[in-house]
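K.L.:
here is my input; please provide its structure:
(chains A and B)
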Amino acid sequence: MQTLELTKHYGASVALSGLTMVVPRGEVFGFLGPNGSGKTTAVKLLLGLNRPTGGEAWVLGHPAGDRQTRSRVGYLPELFRYQGWLSAAEVLGLHCRLAGIARAEWRAQIAGALSTVGLTGHADAKVETFSKGMQQRLGLGVALLGNPELVILDEPTSALDPVGRADTRTIIRRLRDRGCAVFLNSHLLGEVEQICDRAAVVADGRVLAIGRLDELLGSGGVRVRLTGLTDVGRASLARRGTLAEHEGWFVVNGVDADAVPDLVAELVASGARVYAVEPVRQTLEERFLSLVEAEQARWQR
Amino acid sequence: MAAVTIARLTIREAARRKLLLALAILTVIVIGLTGWGFQHLTTLTNPDGSRIAAGELRLAVSQVLVLVEFMFSGVLALSAVVVASPAISSELESGVALSMLARPVSRYQVVLGKWLGLAALIAIYVAATTTLELLVVDATTGYVPPGPVGLGLYLIGEGIVIMSLALLISTRLSGMTAGVISLVLFFLAWIGGIAGAIGEVFSSAAISNAGTISQLLLPTDALWRGSVYELEPVLYRAVLGATTERAGNPFFVQSPPSVAYLIWAACWVVLIVGLTVWSLHRREV
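P.N.:
Have a look, this model is predicted:
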């Protein structure tokens, strides 16, 4: 998927402001942002559900919204709702028809989707009797029909319990293993951190950062608990990154992991007694908050 | 293909939500009651105790039948509006439409599918109620109106016209608002038709033109009048048509809608369905 200066206005309100990004095939891509940052708007533009005010977007090599391309895309909307008076199997059957899947494949597709999302035992139950979590599982099943090349999941685990979330992560990993790209729109950062290859952080309809997760999170650091720190030892710590003290730990941010053994050797040689050395890594949540807060500060200025 | 899928889904929804069952039970009850009433009409006597003449009975039955069909046409119009008004808006509001519109389905197929499904439901309802009612009237009184097939076709046309209007409004406004607007326009057209008839009898060009304009803007009343025409005994038309007593009588019609008007009504429906497609196509979801 590729977007170039994709913009959407609703009257005077700007929902998306010049979104430019590239999402490669076969990757799990996290699309992160605070509420109202334009994530769902972007998804609807990519699917051709709404028209952009400006800019361009391509999906699987075709302009966004191309009807034939949509048969290769699975979609779980954020506001998922299915016909309550149909059974789970009937909802899947309906989407098999709408997706243009060959009739001979329907039975296998429906059974496969039900099995994948753990609803085989509820195939004939009316959707209106389902809990919200079960409906979300069904929505995920609907998105998997027809072996899509791209699956767009808009907050796919918002109604799921921890087991459901773990199941969803497994499903997403399997999709990636068979070469399917997954565009995951979420604000559950812990999940994104666990399964995404790359991510973009958006706020106010603009991309604040985009890249591989390790690039986004930076090189991390190390924290050391020690006694007897001399000026020489302190200089060794400060030389390798930004030094800070926190609850009895000396934290060095930005230190290269390969430099840690030498650093410890220097500390010991300087007379310090080293009790513990632990890697420190910025969480996605910390990185996300720092990006969003910086953006807000920029706007306030 | 997708339009047929959505049409079948629309019919299945009416069945699953027990709309068809409720209408079937109520129709059987109503037809049973009217059958009992028609049976009693045949036992009416003059003040001197003699049986009323066959011609008088025929006239009475035909008039009561027009009233019964008026009730059925009202139920049809109200039901069509109630079902069509939320047909698109509720799916857009609830999110049901999102996952369907993301499929390789054109929005015109969604509109066409909904319209075909609702039109089929209207045809089924009219065919069932009209056939049953006429069979009961025939069995109890021996009266068969001159145009039973025409009656059914006009009623189906009336139902399709008001359903199409409600479906169009449903692409932009909530089901509740679309329903209220459709019903107000339906009753305005009815009053407009009566005003037009009065204007015609009293040779008032202004009132007559107002009636004609209302029939052109919304063809429901003119089609209802077509169904009344199909119910009237030929002699009754000839006798009452020569007097001014018919003025403003919404249950008497001198002549059926012209072919040109019927062509206009068909064009009206095509135009409204086209507008519905355009409206949904432009709609943000």
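K.L.:
the host helix or strand of B:Thr131: which residues count as buried?
P.N.:
When elements are assigned from DSSP states H and E, B:Thr131 belongs to helix B:107-141. Residues B:107-119, B:121-123, B:125-126, B:128-130, B:132-134, B:136-137, B:140-141 are the ones in helix B:107-141 that count as buried (16 or more other CB atoms under 10 Å in any protein chain shown). C-beta: built from backbone N, CA, C; applies to glycine.
K.L.:
tell me which residues in stretch B:88-106 are buried?
P.N.:
By 16+ other CB under 10 Å, the buried positions in stretch B:88-106 come out as B:88-89, B:91-92, B:94-105.
K.L.:
before we move on, what about stretch A:88-105?
P.N.:
Under 16+ other CB under 10 Å, the buried positions of stretch A:88-105 are A:88-101.
K.L.:
got a list of contacts for it?
P.N.:
Contact partners of stretch A:88-105, identified using CB atoms under 8 Å, 6 or more residues apart in numbering or on different chains, comprise A:71, A:82-83, A:86, A:106, A:109-110, A:113-114, A:119, A:122-125, A:127, A:130, A:138, A:141-142, A:145-146, B:1-2, B:5, B:9, B:99-100, B:103-105.
K.L.:
using PDB, write out every CA atom in stretch A:83-95.
P.N.:
Output of stretch A:83-95 as PDB, limited to C-alpha atoms (Å, rounded to 0.1, in the frame of the first residue of the first chain):
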ATOM      1  CA  GLN A  83     -26.900  -9.300  10.500                       C
ATOM      2  CA  GLY A  84     -28.100 -10.500  13.900                       C
ATOM      3  CA  TRP A  85     -30.900 -12.600  12.400                       C
ATOM      4  CA  LEU A  86     -28.300 -14.700  10.400                       C
ATOM      5  CA  SER A  87     -26.300 -17.500  11.900                       C
ATOM      6  CA  ALA A  88     -22.500 -17.300  11.900                       C
ATOM      7  CA  ALA A  89     -22.200 -19.700   9.000                       C
ATOM      8  CA  GLU A  90     -24.800 -17.700   7.000                       C
ATOM      9  CA  VAL A  91     -22.900 -14.400   7.600                       C
ATOM     10  CA  LEU A  92     -19.800 -16.100   6.200                       C
ATOM     11  CA  GLY A  93     -21.800 -17.600   3.300                       C
ATOM     12  CA  LEU A  94     -23.100 -14.100   2.500                       C
ATOM     13  CA  HIS A  95     -19.600 -12.700   2.400                       C
END
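K.L.:
wait, A:Pro77 sits on B:Ala97?
P.N.:
No - between A:Pro77 and B:Ala97 there is no contact under CB atoms under 8 Å: 9.5 Å.
K.L.:
give the residue spans of the chain that score low on pLDDT.
P.N.:
This is for chain A. A:218-219 (pLDDT under 70).
K.L.:
should've been chain B
P.N.:
Using pLDDT under 70, the flagged stretches of chain B are B:241-248, B:250.
K.L.:
swap in 50 and give it another go.
P.N.:
Residue ranges of chain B with pLDDT under 50: none are present.
K.L.:
what ranges do the strands span in the stretch 51-200 of chain B?
P.N.:
Under the criterion DSSP state E, counting those that start in this stretch, the stretch 51-200 of chain B carries no strands.
K.L.:
would you mind listing what in it touches chain A?
P.N.:
Residues of the stretch 51-200 of chain B found near chain A (CB under 8 Å from any CB of the partner chain) are B:Ser94, B:Gly95, B:Val96, B:Leu98, B:Ser99, B:Met100, B:Leu101, B:Ala102, B:Arg103, B:Pro104, B:Val105, B:Ser106.
K.L.:
angles on the backbone of the nearest residue to the third one once chain neighbours are set aside, please.
P.N.:
Spatial nearest neighbour of B:Val96, excluding adjacent residues (CB to CB, 6 or more residues apart in numbering or on different chains): A:Arg81 at 5.0 Å. Comment: the main-chain dihedrals of A:Arg81 come out as phi -160, psi 130, following degrees, to the nearest 10.
K.L.:
number of nearby residues for A:Arg81?
P.N.:
17 (other CB atoms under 10 Å in any protein chain shown).
K.L.:
contacting residues around the residue of chain A most remote from its centre?
P.N.:
For chain A, the residue at maximal distance from the C-alpha centroid (CA atoms, centre = their mean) is A:Gly271, at 45.9 Å. Taking CB under 8 Å, 6+ apart as the contact definition, A:Gly271 lies against A:Gly228, A:Thr230, A:Gly233.
K.L.:
checking it next. Helix, strand or coil?
P.N.:
Per DSSP: H, G, I helix; E, B strand; the rest coil, the local secondary structure of A:Gly271 is coil.
K.L.:
how much space separates it from B:Leu217?
P.N.:
When CB to CB, to the nearest Å is the yardstick, A:Gly271 and B:Leu217 sit 98 Å from each other.
K.L.:
same thing with B:Ser255?
P.N.:
Counting by CB to CB, the gap from B:Ser255 to B:Leu217 is 21 Å.
K.L.:
bridged to the closest residue to A:His187 other than its chain neighbours, which residues?
P.N.:
In space, and not counting its chain neighbours, A:His187 is closest to A:Leu32: 6.6 Å by CB to CB, 6+ apart. Beta-bridge partners recorded for A:Leu32 (DSSP bridges): A:Ser186, A:Val201.
K.L.:
excluding chain neighbours, what is closest to the residue of the stretch 101-250 of chain A found nearest chain B?
P.N.:
Relative to chain B, the nearest point of the stretch 101-250 of chain A is A:Val142 (6.1 Å; CB to the nearest CB). Counting by CB to CB, 6+ apart, A:Val142 lies nearest to A:His95, which is 5.0 Å off, once chain neighbours are set aside.
K.L.:
ok, A:Gly48 next?
P.N.:
With CB to CB, 6+ apart, the residue lying closest to A:Gly48 is A:Gly65, at 2.0 Å.
K.L.:
pretty sure the one you found is touching A:Asn50, no?
P.N.:
No - applying CB under 8 Å, one finds A:Gly65 not in contact with A:Asn50, separated by 9.0 Å.
K.L.:
run a quick neighbour tally on B:Leu44.
P.N.:
Every residue meeting other CB under 10 Å relative to B:Leu44 is counted, giving 11.
K.L.:
for it, give me its contacts.
P.N.:
B:Arg51, B:Ile52, B:Leu57, B:Ala60 are the contacts of B:Leu44 under CB under 8 Å, 6+ apart.
K.L.:
got the contact list for stretch A:203-210?
P.N.:
Applying CB under 8 Å, 6+ apart, the contact partners of stretch A:203-210 are A:7-8, A:14-21, A:33-34, A:37-38, A:41, A:198-202, A:216, A:287, A:291-292, A:294-296, A:299.
K.L.:
mind checking which of these are in helices?
P.N.:
Judged by DSSP state H, the contacts of stretch A:203-210 include A:Thr41, A:Leu216, A:Arg287, A:Leu291, A:Val292, A:Ala294, A:Glu295, A:Gln296, A:Trp299 as members of helices.
K.L.:
residues near the second one, how many?
P.N.:
Translated: A:Leu216. For A:Leu216, using other CB under 10 Å, the count is 22.
K.L.:
list the contacts of it.
P.N.:
A:Leu216 sits next to A:Ala199, A:Val201, A:Ala209, A:Ile210, A:Leu284, A:Arg287 when contact means CB under 8 Å, 6+ apart.
K.L.:
what's the angle from the lengthiest helix in chain B to helix B:107-141?
P.N.:
Longest helix in chain B by number of residues (criterion: DSSP H): helix B:54-94. When axes from the mean of the first three to the mean of the last three CA atoms, to 10 degrees is applied, the directions of helix B:54-94 and helix B:107-141 differ by 150 degrees.
K.L.:
hang on, the earlier thing: biggest separation within the contacts of A:Leu216, which pair?
P.N.:
In the contacts of A:Leu216, two members sit farther apart than any others by CB to CB. They are A:Ile210 and A:Leu284, at 13.4 Å.
K.L.:
could you check how far the nearest residue in space to B:Ala97 that is not next to it in sequence is from A:Ala181?
P.N.:
In this structure, B:Ala97 finds its nearest non-sequential neighbour in B:Glu91, 4.1 Å apart by CB to CB, 6+ apart. Going from B:Glu91 to A:Ala181 by CB to CB gives 28 Å.
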